[in-house]
Structures are given as structure tokens and as C-alpha cells.
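Colleague: predicted model follows, preceded by the sequence.
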Amino acid sequence: MATETHGAVETHAADAAHGGSGMSFHPMDQFIVKPLFGGDTVTFITPTNVTFWMLLTVLCIIGLMVLTTSKRAIVPGRGQSIAELAYGFVYKMVEDVTGKDGLKYFPYIMTLFMFIVVANFLGLIPGSFTTTSHIAVTSILGFGVFIGVTVLGFVKNGASFLGLFWVSSAPLPLRPILAIIEVISYFVRPVSHSIRLAGNMMAGHAVLKVFAGFAQVAAVAPVAILGVMAIYGLELLVAFIQAYVFTILTCVYLKDALHPSH
């Protein structure tokens with residue numbers, strides 16, 4: 001992270017040295033990890049813009065899911081209505097995908113969904129930081145799910161959990177080959193799980209920054225502004241869809257852990 005920050009500083013210095021030639025805006029600057037209280041060095045314990053926006057995400061979730069529902073009004077307000085809709089949406093997802101056995105793990109899945117969706121939406125505020133655009137954040141979420149469901153699979157099923165990799169419905173000569181493919185695809189899960197979320201969030205925000213940069217040019221400003229509006233609307237949809245995809249894949253992996261046989 002310190003190298004990334006230092007590299008960005010050098011890039012800006014090089015632009016200045018060449019009399020401001022080159023791009024006047026840098027779409028990837030919005031993803032640079034910076035110390036919250038100034039300086040250029042980021043260490044393991046340095047408060048950064050990432051930690052600030054992650055903390056703000058947690059506080060927003062507490063405000064939405066705890067404070068707005070504390071009175072449990074019969075006629076809910078806006079905050080309580082959103083909280084109830086989110087709760088019912090994720091509960092139904094977990095029940096439909098994993099069955100009744102998976103409902104005991106609903107709090108964990110609900111926490112994942114709320115953290116990702118709130119972090120995604122906060123990242124759309126001008127001047128904010130999108131924490132879910134960093135693979136360091138999404139990999140923790142993805143590998144957390146992977147390790148959790150793997151341990152759960154062995155605890156619940158013992159050695160029979162390995163039946164997940166043995167396609168008994170396939171012809172016998174093909175089963176060993178399919179088993180190898182299943183093992184590889186299983187261990188790729190946390191990588192694809194985390195990269196999908198980070199990649200989509202980073203790509204969308206980078207394109208948004210590019211169009212915002214072109215809005216500075218008078219000749220193409222009207223088209224660029226329309227592009228910003230269209231992409232921003234698309235990013236609102238992507239922010240929710242990526243949280244949904246991450247959550248439903250978690251439910252699918254949980255179902256495999258609870259019922260591993262093909």
C-alpha cells in the first residue's frame with residue numbers, strides 16, 4: 001500500500017515536470033490508500049481512508065438495522081421499512097437456497113449482505129472511497145466464506161463431505177476426471193468470489209471518473225455529462241446486484257456444506 005501511494009505521488013510529480021502534459025485527471029487515483037491524518041507511509045496500524053469508510057459503513061448499518069427498528073412501530077417509518085425489507089429479502093434468499101437447515105446461519109449472511117451493499121452505496125457519494133473496490137477487503141470476505149463453509153462441511157458430514165467432489169451420477173470412467181475438476185473449481189471459489197466484487201466496483205467507478213474528466217472539455221461536455229448520469233444510474237444497480245450475487249453464492253456454498261452429495 002505504501003508503494004502504491006508513493007507511486008501516485010511520483011506520477012503527479014512527473015506530470016508537473018512535463019509542464020502538465022498528459023492526462024489532467026487520473027481515474028485510478030480514487031482507489032489509492034492514503035493515511036487518514038496525512039503523510040505518505042501506510043503501515044499495518046495506520047488509520048487510512050479505507051478504515052474510515054469501513055467504520056462509517058458499520059455505523060450506517062447500526063443506524064439502519066438497530067436504531068430505526070428499536071421502537072418496533074406497528075406502522076413503520078422509512079428507516080424501519082427499509083430494514084424490514086432487507087431482513088425479509090435475505091431471509092427468503094437463505095431459506096430458498098439452503099433450506100431450513102441454513103437459517104441458523106442467517107445472521108452471518110445478513111451481515112455480509114448489509115456490509116457489502118452499504119459499502120457499495122456509500123462509495124457512490126462524490127468524494128467518498130469505495131472499500132469493496134479493493135481486493136484486500138473482498139478477499140477477506142471471500143476467504144472467510146470459503147474457510148467457514150469448508151470447516152462446517154467437515155464438522156457436519158465428516159469424510160462424507162468429500163462426496164461433494166464425486167459425481168456419482170456420471171459414468172464411472174469419467175468420475176475421477178470430474179473429481180479433479182470439482183476440486184480445482186472448489187478451491188477457485190474464494191478467488192472468483194472476491195475478484196468479481198472488487199473488479200466490478202473498480203471498473204464502474206473508473207469509467208465514471210473518465211466521463212467526469214471529459215466533462216471538463218467544452219466540446220464534449222454535454223455528452224460526457226449525459227454519460228456520467230447514465231453510468232451513475234447503472235452503478236446504483238450494480239452496487240445492489242454485486243451484493244446480491246456475493247450473498248447468493250455464499251448461500252450456494254453453504255448448501256454444498258450442509259448437503260454435499262450430488
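Modeller: Nice, thanks for sending it over. Numbers count the residues shown, from 1 in each chain.
Colleague: which regions of the stretch 1-150 of the chain lie under the pLDDT threshold?
Modeller: Scanning the stretch 1-150 of the chain for pLDDT under 70 picks out 1-25.
Colleague: so which residues of it form helices?
Modeller: Under the criterion DSSP state H, counting those that start in this stretch, the stretch 1-150 of the chain contains helices at 2-17, 49-62, 78-98, 106-122, 135-157.
Colleague: in TSV: those, plus distance to L254 and mean neighbour count.
Modeller: Heads up, the C-betas are built off the backbone N, CA and C, glycines and all. Listed next are the helices of the stretch 1-150 of the chain as TSV, based on distance: least, Cβ to Cβ, whole Å; neighbours: other Cβ atoms under 10 Å:
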stretch	distance to L254	mean neighbour count
helix 2-17	35	12
helix 49-62	21	16
helix 78-98	5	16
helix 106-122	8	20
helix 135-157	6	17
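Colleague: who wins for proximity to G204 among the ones you listed?
Modeller: Nearest to G204, of all these, is helix 106-122, at 9.8 Å by Cβ to Cβ.
Colleague: tilt between that closest one and helix 49-62?
Modeller: Counting by axes from the mean of the first three to the mean of the last three Cα atoms, to 10 degrees, helix 106-122 lies at 120 degrees to helix 49-62.
Colleague: ok, and the closest non-adjacent residue to F106?
Modeller: Take F106 and drop its neighbours on the chain: the residue closest to it by Cβ to Cβ, 6 or more residues apart in numbering is V94, 5.1 Å away.
Colleague: I'd say that neighbour and I109 touch.
Modeller: Yes: using Cβ atoms under 8 Å, V94 is in contact with I109, at 5.5 Å.
Colleague: overlap of the contact sets of the two?
Modeller: By Cβ atoms under 8 Å, 6 or more residues apart in numbering, V94 and I109 have these common neighbours: C251.
Colleague: check the offset of stretch 54-64 from the chain's centre.
Modeller: Between the centre of stretch 54-64 and the centre of its chain there are 15 Å (Cα atoms, centre = their mean, to the nearest Å).
Colleague: repeat that for stretch 246-262.
Modeller: Per Cα atoms, centre = their mean, the centroid offset for stretch 246-262 relative to its chain is 18 Å.
Colleague: with stretch 156-164 instead?
Modeller: Computed by Cα atoms, centre = their mean, the chain-centroid distance of stretch 156-164 equals 29 Å.
Colleague: restricting to C-alpha, output that stretch in CSV.
Modeller: Extracted in CSV, the C-alpha atoms of stretch 156-164 (Å, rounded to 0.1, in the frame of the first residue of the first chain):
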residue,chain,number,x,y,z
LYS,A,156,-21.4,-31.6,9.8
ASN,A,157,-20.6,-34.5,7.5
GLY,A,158,-17.2,-35.8,8.3
ALA,A,159,-15.4,-37.6,5.5
SER,A,160,-18.7,-37.8,3.5
PHE,A,161,-18.2,-34.1,2.8
LEU,A,162,-15.7,-35.3,0.1
GLY,A,163,-18.7,-36.7,-1.7
LEU,A,164,-19.2,-33.1,-3.0
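Colleague: in it, what counts as buried?
Modeller: By neighbour count on 16 or more other Cβ atoms under 10 Å, the buried set for stretch 156-164 is N157, F161, L164.
Colleague: for these, give me TSV that also has pLDDT and distance to G199.
Modeller: Formatted as TSV, the buried residues of stretch 156-164 follow (pLDDT from 0 to 100; distance: Cβ to Cβ, whole Å):
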residue	pLDDT	distance to G199
N157	90	33
F161	89	30
L164	87	27
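Colleague: can I get these in JSON lines with distance to F44?
Modeller: JSON lines is the format used below for the buried residues of stretch 156-164 (distance: Cβ to Cβ, whole Å):
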{"residue": "N157", "distance to F44": "37"}
{"residue": "F161", "distance to F44": "35"}
{"residue": "L164", "distance to F44": "36"}
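Colleague: that older thread, closest to S185 out of the helices of the stretch 1-150 of the chain?
Modeller: With Cβ to Cβ as the criterion, S185 lies closest to helix 135-157 of these, at 12.3 Å.
Colleague: just want the angle from the closest one to helix 49-62.
Modeller: Here the directions of helix 135-157 and helix 49-62 differ by 50 degrees (the same axes, to 10 degrees).
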